[in-house]
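Asker: this one's structure only:
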């Protein structure tokens with residue numbers, strides 16, 4: 001997961017390669033035809049300016065590479081299955097949160113509309129729910145709410161107006177809609193005409209369920225946490241969760257990938273002890289934000305999801321000196337760091 005740094009580096013290098021740092025004077029007319037000024041005809045001061053600009057760019061790029069290399073070297077202390085996180089990493093801390101979609105008509109209009117699905121992931125057989133609300137004096141009228149894929153209607157919601165707020169429900173029983181769909185609300189908004197709001201959701205097969213957590217134990221450098229799962233569809237899965245201290249401050253994002261067969265299985269999430277030593281926290285901990293994902297088996301297949309019966313779970317800890325203190329190392333990480341350092 002640290003390969004993104006290499007991608008940033010490549011983009012920076014390409015930007016330098018294709019940056020035109022030469023200074024060419026405006027074309028001059030000779031017998032009505034434009035003449036391009038050659039580099040040899042540039043004024044000496046312009047050539048000096050070109051060299052100075054090149055040195056500035058090279059210096060800035062070198063400084064950026066040094067910062068990237070430093071960050072990369074710090075991250076290399078932790079394996080990809082157990083990385084430190086902080087409160088600003090909302091994408092990891094709240095991965096399945098559904099966000100309301102608002103339609104604001106700009107300055108001078110003190111009314112807006114908002115579409116809010118009840119959740120982000122629905123399973124086959126769930127009742128889909130959404131609410132269309134508004135603020136300000138203008139209220140939506142002639143409201144219709146649909147489930148769409150690529151703006152093609154799959155089904156229509158039943159809509160009920162409750163004191164100016166529109167509650168929509170759709171029974172998904174016996175339907176096999178695609179995974180990536182949208183809820184679409186269409187309505188009249190006074191003189192602004194007929195408007196629409198789209199909110200993305202996931203409609204997933206019920207691939208499996210996270211059932212429970214067994215007692216953790218120390219194994220080498222890791223705090224190992226057994227997780228019991230029921231798998232309904234065989235395939236390659238990713239299991240993830242976040243580790244917090246007792247005050248619910250984030251410590252680590254945990255994840256693992258594995259090929260699983262149908263049936264009940266126990267899967268181990270590992271917390272690398274270097275993360276625990278960095279936070280100076282021997283536990284106990286809290287484990288939450290569970291996500292079970294079924295990965296695509298081939299291109300064109302969408303990522304789908306499982307479910308969880310458990311939420312915030314207390315995890316017992318151990319004294320930090322009980323863990324193996326061997327540093328984490330990965331030859332590929334070392335090679336990438338060497339590449340970054342050569343670019344400084």
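Answerer: All right, it came through fine. None of these values were measured; they are calculated from a predicted model.
Asker: Kindly confirm my reading that residue 92 is in a helix.
Answerer: Yes - note on residue 92: a helix contains this position according to DSSP: H, G, I helix; E, B strand; the rest coil.
Asker: That one against residue 85, yeah?
Answerer: Yes - Residue 92 is within contact range of residue 85, at 5.4 Å (criterion: Cβ atoms under 8 Å). The way it works is simple: take the backbone N, C-alpha and C, and place the C-beta from them, glycine included.
Asker: Are there residues contacting both of the two? Which ones?
Answerer: Common neighbours of residue 92 and residue 85, using Cβ atoms under 8 Å, 6 or more residues apart in numbering, are 242, 253.
Asker: which element is the nearest residue to residue 155 once chain neighbours are set aside on?
Answerer: Nearest non-adjacent residue to residue 155, counting by Cβ to Cβ, 6 or more residues apart in numbering: residue 147, 4.8 Å away. Following DSSP states H and E, one finds residue 147 within strand 141-149.
Asker: Which strands or helices does that strand pack on?
Answerer: Counting contacts by 3 or more Cβ pairs under 8 Å, 6 or more residues apart in numbering; DSSP states H and E, strand 141-149 packs against strand 127-135, strand 152-156, strand 158-162, strand 165-171, strand 180-188.
Asker: Include mean pLDDT when you put those into CSV, please.
Answerer: Below are those laid out as CSV (pLDDT from 0 to 100):
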stretch, mean pLDDT
strand 127-135, 96
strand 152-156, 95
strand 158-162, 95
strand 165-171, 96
strand 180-188, 96
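Asker: Export those strands as CSV, with columns for mean neighbour count and distance to residue 260.
Answerer: Converted to CSV, these look like this (neighbours: other Cβ atoms under 10 Å; distance: least, Cβ to Cβ, whole Å):
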stretch, mean neighbour count, distance to residue 260
strand 127-135, 19, 28
strand 152-156, 12, 30
strand 158-162, 12, 38
strand 165-171, 18, 30
strand 180-188, 20, 23
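Asker: Quick one: closest of those strands to residue 247.
Answerer: Within the helices and strands packed on strand 141-149, the stretch nearest residue 247 is strand 127-135; the backing value is 33.3 Å (Cβ to Cβ).
Asker: Paired strands for that closest one, with orientation please.
Answerer: strand 112-117 (antiparallel), strand 165-171 (antiparallel) (DSSP bridges).
Asker: thinking again about what came up before, buried residues, the strand holding residue 147. List them.
Answerer: Using 16 or more other Cβ atoms under 10 Å as the test for burial, strand 141-149 gives 143, 144, 145, 146, 147.
Asker: The fourth one contacts residue 152, correct?
Answerer: Which is residue 146. No - using Cβ under 8 Å as the test, residue 146 is too far from residue 152 to be in contact (9.7 Å).
Asker: that older thread, show me the two of the buried residues of strand 141-149 that sit farthest apart.
Answerer: 143 and 147 (14.9 Å).
Asker: what about the helices in the protein?
Answerer: If DSSP state H is used as the criterion, the helices of the chain fall at 3-17, 44-75, 90-93, 273-279, 331-342.
Asker: Comparing the ones you listed, which yields the minimum mean pLDDT?
Answerer: For those, mean pLDDT drops lowest on helix 3-17, to a mean of 46.
Asker: Run through who's touching stretch 183-192.
Answerer: Contacts for stretch 183-192 (Cβ under 8 Å, 6+ apart): 105, 109, 111, 113, 115, 117, 128, 130, 132, 138, 140-148, 151, 157, 166, 168, 194-199, 201.
Asker: Quick one: end-to-end distance for that stretch.
Answerer: 21 Å (Cα to Cα, to the nearest Å).
Asker: and that stretch, how far from the chain's centre?
Answerer: On the basis of Cα atoms, centre = their mean, to the nearest Å, stretch 183-192 sits 30 Å off its chain's mean C-alpha point.
Asker: pLDDT of stretch 291-306, averaged?
Answerer: The average pLDDT for stretch 291-306 rounds to 90.
Asker: How about stretch 200-209?
Answerer: On average, stretch 200-209 scores 94.
Asker: Now do that stretch: everything it contacts.
Answerer: 98, 117, 119-125, 128, 172, 177-183, 229-233, 235, 237, 260, 292, 294, 304-309.
Asker: just the strands in the stretch 151-300 of the chain please.
Answerer: 152-156, 158-162, 165-171, 180-188, 194-204, 208-213, 217-219, 222-231, 235-244, 250-260, 263-272, 285-294 (DSSP state E, counting those that start in this stretch).
Asker: packing partners for the last one?
Answerer: Applying 3+ Cβ pairs under 8 Å, 6+ apart, we find strand 285-294 packed against strand 208-213, strand 235-244, strand 304-305, strand 307-308, strand 313-315.
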